[in-house]
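K.L.:
compute the structure for the input listed below.
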Amino acid sequence: MAAVEEGVNTDQYTQDGTVDLKGNPVLRSKRGGWTACSFVVVYEVFERMAYFGIASNLILYLTKKLHQGTVTSANNVTNWVGTIFLTPILGAYIADAYLGRYWTFLIA
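P.N.:
Predicted structure coming up:
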């Protein structure tokens with residue numbers, strides 16, 4: 001982590017060890033705030049819309065277009081939903097162990 005210069009007021013920097021992409025300490029006045037919050041909220045809304053849009057039509061697609069039975073298509077949908085709920089655990093491990101928060105957010 002980059003050191004803060006001598007004689008500089010350290011109260012203007014975050015005290016939790018947060019650094020920017022270049023490794024410099026983060027100023028409290030430049031750390032996201034409502035702009036970052038609104039971006040995350042909009043991103044989550046679009047993600048939920050995509051999930052429910054696919055989930056609501058998936059059984060119809062599997063039965064009508066792919067000619068699967070009702071039991072088989074329901075089993076495939078539950079496998080899909082289970083995979084969707086478990087992959088964030090794997091993604092969280094990769095993000096925390098290897099990528100960091102900036103690269104994780106850019107890749108996501």
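K.L.:
CA only for contacts and neighbour counts going forward, please
P.N.:
Noted.
K.L.:
shaky segments in the protein?
P.N.:
Applying pLDDT under 70 to the chain flags the ranges 1-10, 28-33.
K.L.:
so how far is R48 from N76?
P.N.:
N76 sits 20 Å away from R48 when distances are taken as Cα to Cα, to the nearest Å.
K.L.:
to clarify, my last question referred to C37.
P.N.:
Taken as Cα to Cα, the span from C37 to R48 is 17 Å.
K.L.:
in this structure, which spans are helices?
P.N.:
Listed in chain order, the helices of the chain (DSSP state H) span 34-60, 70-94, 101-107.
K.L.:
buried set for the first one?
P.N.:
Spelled out, it's helix 34-60. Using 16 or more other Cα atoms under 10 Å as the test for burial, helix 34-60 gives L58, I59, L60.
K.L.:
same check, this time on the second one
P.N.:
With burial defined by 16+ other Cα under 10 Å, the residues of helix 70-94 counted as buried are S73, A74, N76, V77.
K.L.:
quick one: it to helix 34-60, angle?
P.N.:
With axes from the mean of the first three to the mean of the last three Cα atoms, to 10 degrees applied, the angle from helix 70-94 to helix 34-60 works out at 160 degrees.
K.L.:
helices and strands around helix 70-94, which ones?
P.N.:
Judged by 3 or more Cα pairs under 8 Å, 6 or more residues apart in numbering; DSSP states H and E, helix 70-94 is in contact with helix 34-60.
K.L.:
distance from the helix it packs on to the middle of the chain?
P.N.:
11 Å (Cα atoms, centre = their mean, to the nearest Å).
K.L.:
and stretch 56-70, by the same measure?
P.N.:
Using Cα atoms, centre = their mean, the offset of stretch 56-70 from its chain centre is 29 Å.
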